[in-house]
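> Got a predicted model here, sequence first, then my questions.
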Number of protein chains: 2
Amino acid sequence: MASSSIPERTEPDLSFLLDHTGYVLRTRMAAALAEIGLTARMHCVLVHAVGVERTQIELAEIGDMDKTTMVVTMDALERAGYAERRPSSTDRRARIVVVTEEGARVAERSQQIADGVHRSVLAALPEDERDVLVRALARLASGELEAAAAQPQPVRRARQRSA
Amino acid sequence: MASSSIPERTEPDLSFLLDHTGYVLRTRMAAALAEIGLTARMHCVLVHAVGVERTQIELAEIGDMDKTTMVVTMDALERAGYAERRPSSTDRRARIVVVTEEGARVAERSQQIADGVHRSVLAALPEDERDVLVRALARLASGELEAAAAQPQPVRRARQRSA
DNA sequence: TATTGTTATACTCTATAACTATA
DNA sequence: TATAGTTATAGAGTATAACAATA
């Protein structure tokens, strides 16, 4: 959130626009999901685990989280009674995330909530802009933008113990 | 970054799209600015401080940062020799951020870099989508989206000492 | 040897609190 | 009393490392 809001006489400040809209949407989504006791991550895992056999790692990749973050998220889902860890029948190292009956109901509800938030956001736009916005963002998200994106993050220094 | 990348048979996942594009752009911008030794925040402060008399608080608001984060950013800019703190002539509590000559050159360069990144991103889109994307994001950023955004963040708990 | 999942922990980031000096 | 700026530090979030079990 260090983008400028004041327009220079140059390019449109895409950084500010994406940061700002993303922030506001995240905030709205978090608030909406919080009403049924879910975080965005719990929602994401839940929705992608219903009906299919997926391991924690697979779900972590889908939601782009670290496997250790996945552990925390699963802990929360288990405490809430929405999902369980079951040993995989094919790989005894892995755990399948099984959504409970109540979890499935919650997942459906939370997907409705998420869709509702998205709909209400898009509703603020003139109809002809909606599709173009989604299409343009999808285009940027899938490839073109990624290509040139090196990894500039200097990689977080590791804890080092002894020599 | 807990949005799903797998399309449900529902609304387009605007959360994922904004998160993802925002993340990639932030990453690219950070990498590009890092080549001249700037962070996004330093760039933002520098660019909005050249030529005008602005206090730290004013610049912090423009860049949407906390005043304590502004202190850190100013420390970095001073170390680099790009900006200085000067007492305000009208309010002896406040410090005006004065950009040095070298700082002004760097600001111009960093603005070119930022514009270049934005241009190259937009270049990935068919021409007719570019304007619409920017216009739609601007519309969402300015008001409509904000209106319904309550503050759901439970406010970070304060350190409490004694009673 | 490599991988899944876990625990423990360290690091980064950023905001709160408390303070000084002014207004 | 309130505000600009500073310092110190707490807290959230998240990644790294090391480990156990299994592949």
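Arrived safely, thanks for sending.
> what about chain A, any weak spots by pLDDT?
For chain A, residues meeting the criterion pLDDT under 70 lie at A:1-10, A:143-163.
> At which residues are the helices of it located?
All helices of chain A, identified by DSSP state H, fall at A:14-34, A:40-49, A:56-62, A:67-80, A:101-122, A:127-139, A:145-147.
> I'd like these laid out as CSV, including mean neighbour count.
Where C-beta positions appear, they are placed from N, C-alpha and C, glycine not excepted. Shown next, in CSV, are the helices of chain A (neighbours: other Cβ atoms under 10 Å in any protein chain shown):
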stretch, mean neighbour count
helix A:14-34, 22
helix A:40-49, 26
helix A:56-62, 18
helix A:67-80, 16
helix A:101-122, 18
helix A:127-139, 18
helix A:145-147, 15
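> between those, which one is nearest to B:Leu17?
helix A:127-139 (4.0 Å; Cβ to Cβ).
> Return the distance of A:Ala114 relative to DNA strand C.
A:Ala114 is 24 Å from DNA strand C, where distance means Cβ to the nearest atom of the strand, to the nearest Å.
> Assess the claim that that residue and A:Arg26 are in contact.
No: using Cβ atoms under 8 Å, A:Ala114 is not in contact with A:Arg26, being 11.8 Å away.
> Give the residues shared as contacts by the two.
Contact criterion Cβ atoms under 8 Å, 6 or more residues apart in numbering or on different chains; residues shared by A:Ala114 and A:Arg26: B:Ser15.
> Quick check, central residue of chain A?
By Cα atoms, centre = their mean, the mean C-alpha position of chain A lies nearest to A:Gly63, the distance being 5.2 Å.
> Once you drop chain neighbours, what's closest to that one?
A:Cys44 (4.3 Å; Cβ to Cβ, 6 or more residues apart in numbering or on different chains).
> Tell me if I'm right that that neighbour and A:Glu61 touch.
No: the criterion here is Cβ under 8 Å, and A:Cys44 misses it with A:Glu61 at 11.4 Å.
> just to revisit the earlier point, ok, so what distance separates the residue nearest to A:Gly63 from B:Arg105?
Distance of A:Cys44 to B:Arg105, given as Cβ to Cβ, to the nearest Å: 45 Å.
> next one: stretch A:82-98 to chain centre, how far?
22 Å (Cα atoms, centre = their mean, to the nearest Å).
> With stretch A:11-26 instead?
From the chain centre to the centre of stretch A:11-26 is a distance of 17 Å (Cα atoms, centre = their mean).
> same question, stretch A:65-79
On Cα atoms, centre = their mean, the centre of stretch A:65-79 falls 13 Å from that of its chain.
> now do stretch A:98-115
Using Cα atoms, centre = their mean, the offset of stretch A:98-115 from its chain centre is 15 Å.
> got a list of contacts for it?
Contact with stretch A:98-115 is made by A:29, A:32-33, A:35-36, A:38, A:43, A:46-47, A:49-51, A:77, A:80-86, B:8, B:10-11, B:13, B:15, as judged by Cβ under 8 Å, 6+ apart.
> repeat that for 7 Å
Residues outside stretch A:98-115 that contact it (Cβ atoms under 7 Å, 6 or more residues apart in numbering or on different chains): A:29, A:32-33, A:36, A:38, A:43, A:46-47, A:49-50, A:81-84, A:86, B:8, B:10-11.
> Next: stretch A:130-138.
Applying Cβ under 7 Å, 6+ apart, the contact partners of stretch A:130-138 are A:122, A:125, B:12, B:14, B:17-18, B:21, B:125, B:129, B:132-133, B:136.
> what's the most distant pair in those residues?
Taking Cβ to Cβ as the measure, the contacts of stretch A:130-138 span a maximum distance of 18.6 Å, between A:Leu122 and B:Leu125.
> For A:Ser88, give me its contacts.
Residues near A:Ser88 by Cβ under 7 Å, 6+ apart: A:55, A:94-96.
> pretty sure A:Leu77 contacts A:Met42?
Yes: using Cβ atoms under 7 Å, A:Leu77 is in contact with A:Met42, at 5.6 Å.
> correct me, but the residue nearest to the centre of chain A touches A:Met42?
No: contact criterion Cβ under 7 Å: A:Gly63 and A:Met42 do not qualify, at 9.9 Å.
> how far away is the residue nearest to A:Gly63 from B:His43?
From A:Cys44 over to B:His43 the distance is 32 Å, taken as Cβ to Cβ.
> Also A:Glu53?
Applying Cβ to Cβ, the value for A:Glu53 to B:His43 is 47 Å.
> Noted, bye for now.
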